[in-house]
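> After the sequence you'll find the predicted model.
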Amino acid sequence: MKETFGEYIRQKRRKKDVTLIIAAAELGISTSQLHYIERGKANEIVRPKMDILKKLAAYYGLPEDEVVIKGGRIPTDIYFKIVNNLELLNVIKNYEVK
């Protein structure tokens, strides 16, 4: 089974050996917000915001693009490359997941 983003973040926190409360405080977010992210609730309602994803990447020492993509967002530089390339944008719009 594929690991969810929340499981990925929870695993990184446990590897760092910090509690949810400590990690949230050091990240500058609420405990409930980190709890929702780790339990996958944030992704069901709304994806974590880009600034939160960047904080998570920095805090856990992970590549920012990796966390942004796993968190369901598109890195800013890639977004602008797609938007500014109409041919690529049309390919993506017409892409069917199989």
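In hand now; what should we look at?

> lowest-confidence helix or strand of this structure?
Scoring the helices and strands of the chain by mean pLDDT, DSSP states H and E places helix 41-45 at the bottom, with a mean of 56.

> how close does the closest residue in space to Phe5 that isn't next to it in sequence sit to Lys2?
In space, and not counting its chain neighbours, Phe5 is closest to Lys70: 5.0 Å by CB to CB, 6 or more residues apart in numbering. Glycine gets a C-beta too; all of them are placed from N, C-alpha and C. From Lys70 across to Lys2, the span is 11 Å (CB to CB, to the nearest Å).

> okay, these two: which has more neighbours?
Lys70 (18 against 4; other CB atoms under 10 Å).

> That one contacts Glu7, correct?
No. Using CB atoms under 8 Å, Lys70 makes no contact with Glu7, being 10.2 Å away.

> Do you have the helices of this protein handy? List them.
Remark: helices assigned in the chain by DSSP state H are 5-16, 20-27, 31-39, 41-45, 50-60, 64-70, 76-83, 86-93.
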